[in-house]
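1. Sequence first, then the predicted structure:
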Number of protein chains: 2
Amino acid sequence: MAQPVFELKEILSGKYGEDSKLIYDLADQGGELCSLRYDLTVPFARWLAMNPSIQSIKRYHIAKVYRRDQPAMTKGRMREFYQCDFDIAGNYDAMLPDAEILRITSEVFEGLGWKGRYTVKINHRKILDGIFEVCGVPQDKIRSISSAVDKLDKLPWIEVRREMTEEKALDPSVADKIGEYVILKGTRDLLTTLRSNPALSSNVSAQKGLADMELLFTYLEAFNILDKVSFDLSLARGLDYYTGVIFEVVTEGSAPPSTSTSASATSPSTSTPPPRPKSKKKPLDPDDDRSSDPSIGVGSVAAGGRYDELVGMFSGKNQIPCVGISFGVDRIFSITKAHMEADSTVRSNEVDVYVMAFGGKGFTGLLKERMEVATLLWDAGIKAEFSYKVKPKLPAQFKAAEAGGVPFAVILGEDEQAAGKVKVKELGLAEGHPEKDGVLVGLGDLVADVRRRLEVKELGDGVAEKVKELSVKGKEAST
Amino acid sequence: MAQPVFELKEILSGKYGEDSKLIYDLADQGGELCSLRYDLTVPFARWLAMNPSIQSIKRYHIAKVYRRDQPAMTKGRMREFYQCDFDIAGNYDAMLPDAEILRITSEVFEGLGWKGRYTVKINHRKILDGIFEVCGVPQDKIRSISSAVDKLDKLPWIEVRREMTEEKALDPSVADKIGEYVILKGTRDLLTTLRSNPALSSNVSAQKGLADMELLFTYLEAFNILDKVSFDLSLARGLDYYTGVIFEVVTEGSAPPSTSTSASATSPSTSTPPPRPKSKKKPLDPDDDRSSDPSIGVGSVAAGGRYDELVGMFSGKNQIPCVGISFGVDRIFSITKAHMEADSTVRSNEVDVYVMAFGGKGFTGLLKERMEVATLLWDAGIKAEFSYKVKPKLPAQFKAAEAGGVPFAVILGEDEQAAGKVKVKELGLAEGHPEKDGVLVGLGDLVADVRRRLEVKELGDGVAEKVKELSVKGKEAST
């Protein structure tokens, strides 16, 4: 499924909380005022609202989104990047689609070979809202205080607390109460802890959230992915549109650095903030460009949650509950690529055969003949290339083939030409190899011969790879 | 290869001739003034200029481009759409990369199953410029007159002539001379005709173009694609940056309608334009929204050419000659899909197994068990789905499976459950089929059983398809 990259400016307004400042607007060149999409979720909800005949759907969508942000390439923070979204829309029994989204998330990362090296943090907006109410946050500050809590993966508690009390004028004693909740992490046991808290368990919003989480844990067990999740009360998600369960996937490379984690773990009980570090002139701001700061992780690799009221915001009649997740494709790609590069080498191009020619005095370059041989190979589905020179020198042709890592050469010569033959030569053979100088092959047999050599070569590379693996394992075993 | 969708506004300025009005600008929200890319060619050239260590490269790039145009969905004219570009950059002997681009173009369409149902129109900017000079077009009007000629695939000659003489103040006798050239079409024979024209063959620009085309035809012959190309003097391409050979691929669905073709064929020799058709209040304008006008084709499906000076426009020191082609992915997809749909049916989803449950009084819904069976199938790589209801009714489950065209059901019941078994049922079997009521299978054998059934089913569908093909051929043979 696809939607346009443009949305009417008003469609994106009021959906992203404090992140709204990162929306890119188009210039007014006449016509409607448009912005570039900030995510794929709001456009999906807008599309559902416009298509009332669709009351339930599962969809995925891979496309670019845009943020007017300070780019930090090395940390995977960019102004335009790919997201892959998976969403389930429709009226269903509670927590079933939510559990399936988490199962799919686990399948995606297992499929990419991450082998459990990731954690799915989960939380529930209604539990968070209950906590904020119980701690005494005024109703009109709940979203903005939630937004501050969400920065706990990038900032130490002491900075988040300062944002709450200084920027957002929250009573310091209220902030400290929040601090005692948001350090809590666990799985099903945390649910029991929260239920045993009299204030929280009598709060209407928290009750709903706790009941949802109870069901969710049962379903995650049936789906056999309980070990992948962490129930984490510091997870809040900044966006305004979430209404239920929320989740975020972190991995080694994306996890917050241990220094700031320890800061956040020690600070919550401090009621008076310590003086600011003297080396900093202003408090840490997550909007600053700290791309070269090694203490900052790349952020989460996937995130999402339930957004039951978003479709209804565009069309009052057509209320469709939804839950979904966005995968950060570029970050996931970088991390997966790093895993792969640690294991094997990558060829710089995919050409299998370099068609070349040589000759003595009066050498014409055999250009037409090289083109015809390349055409013969192309027609047989073999990847071939040749020099774009009318009269290329032989060493230059070999150099070009070797620079590209091309495994085979087909060499045309004037004498061979007269006999209807060409030379096939595997590049990079050791001195003394019986076929080091290449083998004469009739033009009529060329395709079959090259195909056979490519198969043998591929098989050989596979065996070499296996041998390498075994020798690594052998080393591990011997240490 | 990928480049960002944003370019500095000044990078895109002055590269697209009259089409510059279709560039989307971003609002000034502080920072640099940016626009959305209009094509993938200018960003590629900008990238080459910024990376002087790269002096030669072949690349492809699939991505969206943006045009501030009046959309005409049915004709494949959209504000945002995918292009796939293939380019060759570097200093090579003349016309070799150009010929390879055309060979690749032919391979792309053959690979998509278009079986020759397309024509690659080719022409040369230097020949066109020579024609304009010989006809007496003032030097400063050459690009804008060229732009008018390019509209010949959408407008009759009489309208193009009116644009030249009225809007662009060209002497009518000059326009009429141009008209005599731009009706010419052919292959190598046209080259001979042009060479025998004394005025043209003594023009420096035309000489260069004719020499290039001579080489090109030789190479296209070696690549065995001469029959795919048409040398067409009406092809001009609107963009400013082309410097040599230009090309455009048209197919049945994209070809100009025969009525306007005949108009363009009859008009060039008319020196006085006939009165405008009375039903039209103003001359045809290619920028009008004529999406519902059946006489308009969808335009070309691929186009490109040589642009030797574009890289140098960004970096005076780093001149890299380039040639490339852009494929209109959305149009090509629509046409290919129409070909495919004519041949076979398409399933509405890809789910292979619907896991369902039923029971009498006190039926629990067996939700946890359905989830576990689905997990078992997912873990084995089998596509499975189940109802998001705690206690679903059996008919509703069958209806959901059938609506999605799911071929198999796995049915859980309380008695079967006690015996460690489930029922596997192929949906849509005829009354009286021995397995119409399904088959009991032990849970331990379920994956193997379902896998075998899916294989048999796929084989069966393949045979059915073959039988259908044969019966169509039989019909053709008998008529």
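-> All right, it came through fine.
2. quick one: A:S387 from chain B, how far?
-> 8 Å (Cβ to the nearest Cβ, to the nearest Å). C-betas here are computed from N, CA, C, even on glycine.
3. Report how many residues lie close to A:K383.
-> A:K383 sits with 13 neighbouring residues when counted by other Cβ atoms under 10 Å in any protein chain shown.
4. Was I right to think it contacts A:V355?
-> No: assessed by Cβ atoms under 8 Å, A:K383 is found out of contact with A:V355, at 11.2 Å.
5. shared neighbours of the two, anything?
-> A:L377 (Cβ atoms under 8 Å, 6 or more residues apart in numbering or on different chains).
6. What parts of the stretch 301-450 of chain A come near chain B?
-> A:L367, A:K368, A:M371, A:E372, A:T375, A:W378, A:D379, A:Y388, A:K389, A:V390 (Cβ under 8 Å from any Cβ of the partner chain).
7. Any of these buried? List them.
-> Buried members of those, counted by 16 or more other Cβ atoms under 10 Å in any protein chain shown: A:L367, A:M371, A:E372, A:T375, A:W378, A:Y388.
8. If we only consider the residues you listed, which is nearest to A:F132?
-> Comparing those against A:F132 with Cβ to Cβ picks out A:W378 as the nearest, at 65.7 Å.
9. Verify the assumption that the closest one is located in a helix.
-> Yes: per DSSP: H, G, I helix; E, B strand; the rest coil, A:W378 lies within a helix segment.
10. For it, which residues are in contact?
-> A:W378 neighbours (Cβ under 8 Å, 6+ apart): A:A384, B:R103, B:E107.
11. Not counting sequence-adjacent ones, nearest residue to the last one?
-> Right, the one you point to is B:E107. Sequence neighbours aside, A:W378 is the residue nearest to B:E107 in space, at 6.9 Å (criterion: Cβ to Cβ, 6 or more residues apart in numbering or on different chains).
12. What about the contacts of A:W378, which are in strands?
-> A:A384 (DSSP state E).
13. Serialize the contacts of A:W378 to TSV and add fields for distance to A:G462, neighbour count and pLDDT.
-> Output for these, formatted as TSV (distance: Cβ to Cβ, whole Å; neighbours: other Cβ atoms under 10 Å in any protein chain shown; pLDDT from 0 to 100):
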residue	distance to A:G462	neighbour count	pLDDT
A:A384	23	21	96
B:R103	32	21	96
B:E107	28	15	95
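14. Which single one of the contacts of A:W378 is nearest to A:V182?
-> Nearest to A:V182 among the contacts of A:W378 is B:E107, at 58.8 Å by Cβ to Cβ.
15. So what's the gap between stretch A:148-157 and the chain middle?
-> 21 Å (Cα atoms, centre = their mean, to the nearest Å).
16. oh, I was asking about stretch A:2-20
-> On Cα atoms, centre = their mean, the centre of stretch A:2-20 falls 21 Å from the chain's centre.
17. before we move on, what about stretch A:300-312?
-> In terms of Cα atoms, centre = their mean, the centre of stretch A:300-312 is found 17 Å from the chain centre.
18. repeat for stretch A:124-136
-> Using Cα atoms, centre = their mean, the offset of stretch A:124-136 from its chain centre is 30 Å.
19. same deal with stretch A:213-231?
-> 23 Å.
20. okay, how far is it across it, tip to tip?
-> Its start and end residues considered, stretch A:213-231 measures 9 Å (Cα to Cα, to the nearest Å).
21. Name the residues that touch it?
-> A:94-96, A:98-100, A:102-103, A:106, A:116, A:118-124, A:127, A:185-188, A:190-191, A:245, B:367-368, B:371-372, B:375, B:379.
22. Okay, and which of those map to strands?
-> A:Y118, A:T119, A:V120, A:K121, A:I122, A:N123, A:H124, A:K185, A:G186, A:V245.
23. so how many other residues sit close to the one residue in the stretch 151-300 of chain A that gets nearest to chain B?
-> Going by Cβ to the nearest Cβ, chain B is nearest to A:A222 of the stretch 151-300 of chain A, at 3.7 Å. Neighbourhood size, A:A222 [other Cβ under 10 Å]: 19.
24. do A:Y38 as well
-> Per other Cβ under 10 Å, the neighbour tally for A:Y38 reads 22.
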